[in-house]
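Q: could you look at this predicted model? Sequence included:
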Amino acid sequence: MVVNIFNSPELIQEFTRVYLAIFYSIVALFYTVRIITLKRATGQERVFHGAFLSPNWWHHKIFDVFRVTIWMVCVARWWHPSMDAYLGVFSVMSSPWCLLLGNIMLTLGFIWTIAMHFLLGRHWTSGINQTGPTQLVTKGMYRFSRNPIYLGVLLSQFGFVLALPSWFSLLCFGIGVVTILRQTREEELHLAQRFPHDYAAYQAQVPRWL
């Protein structure tokens, strides 16, 4: 059965086309529900864009644009496969193994990100809350990485490159990496100001990534 599947690249390509559309629709639904339910449960905002034109504001806007663009492109190409010609798809990388590996990586990255969300619980926010957080989270995977959520996002974004090998996905990945690196620095500067002693000790013990 496995041999037959891998001898049918068209089948894997069509499966991946459908899977990406469904996957990013689920991602959009998860974040929408997560933000709404947390806001209702805590009575507080969960998304902080920051001051107009500030680095935090720019990072959020860039991510919002690319998240929506990726979602819309994946849904659109499900119905219109001819769109691939405009995305600059790399045919040499469109092998069944590459596509399936990409599907697995982006799925694992999303599952990892969801797990980190629930590890943070009500402490989770998006962006920099100038009046928070009220405590420093150092348990769970935060004992091994200062930014485990972003690790999951990066894994998922790299999986997207493999699942849709193209100039479009490479552009999204490059902008995503730069934006995450810049946002990470902004958030760590904020935490260092909020917890000057505790965060310095935490930084000395736990790496930024792994």
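A: Happy to help now that I have it.
Q: shaky segments in this structure?
A: Across the chain, the ranges flagged by pLDDT under 70 are 1-7.
Q: now the strands for it?
A: In order along the chain, the chain carries the following strands (DSSP state E): 47-48, 126-127.
Q: Thr134 is nearest to which of these?
A: Closest of the strands of the chain to Thr134 is strand 47-48, at 14.4 Å (criterion: CB to CB). From N, CA and C alone the C-beta is placed, and that goes for glycine too.
Q: in its sheet, which strands sit next to the closest one, and in what direction?
A: Based on DSSP bridges, the pairing partners of strand 47-48 within the sheet are strand 126-127 (parallel).
Q: what's near enough to touch the most centrally placed residue in the chain?
A: Taking CA atoms, centre = their mean as the criterion, Val153 is the residue nearest the geometric centre of the chain, at 3.0 Å. By CB atoms under 8 Å, 6 or more residues apart in numbering, the contact list for Val153 reads 109, 113, 176, 180.
Q: try 10 Å this time
A: Taking CB atoms under 10 Å, 6 or more residues apart in numbering as the criterion, Val153 is in contact with 63, 109-110, 112-113, 116, 147, 176-177, 180.
Q: what's the closest of the strands of the chain to Leu87?
A: When these are ranked by proximity to Leu87, the top entry is strand 126-127, at 27.9 Å, counting by CB to CB.
Q: what separates the closest one from the chain centre, distance-wise?
A: Counting by CA atoms, centre = their mean, to the nearest Å, strand 126-127 is centred 13 Å from the centre of its parent chain.
Q: list the contacts of it.
A: 31, 34-35, 45-50, 56-57, 59-60, 63, 149, 183, 186-187, 190.
Q: the residues you listed, buried ones only, as a PyMOL selection?
A: Selecting only the buried members of those in PyMOL, with burial defined as 16 or more other CB atoms under 10 Å, works like this:
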select buried, resi 34+35+46+48+49+50+56+57+59+60+63+149+183+186+187+190
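Q: list the contacts for Glu186?
A: By CB under 10 Å, 6+ apart, the residues touching Glu186 are 50, 54-56, 59, 127-128.
Q: can you point out the buried residues in stretch 79-95?
A: Going by neighbour count (16+ other CB under 10 Å), the buried part of stretch 79-95 is 83-84, 87, 89, 94-95.
Q: sorry, that was for stretch 121-137
A: By neighbour count with 16+ other CB under 10 Å, stretch 121-137 contains the buried residues 124-129, 133.
Q: quick one: the helices in the protein, in order.
A: Using DSSP state H, the helices found in the chain span residues 2-6, 9-42, 55-79, 84-87, 96-120, 148-163, 167-194, 196-205.
Q: for the fifth one, buried residues please.
A: Of all the residues in helix 96-120, those buried under the rule 16+ other CB under 10 Å are 96, 98-100, 102-103, 105-107, 109-110, 112-113, 116-117, 119-120.
Q: ditto for the last one
A: Taking 16+ other CB under 10 Å as the neighbour-count basis, helix 196-205 is seen to contain the buried residues 199, 202.
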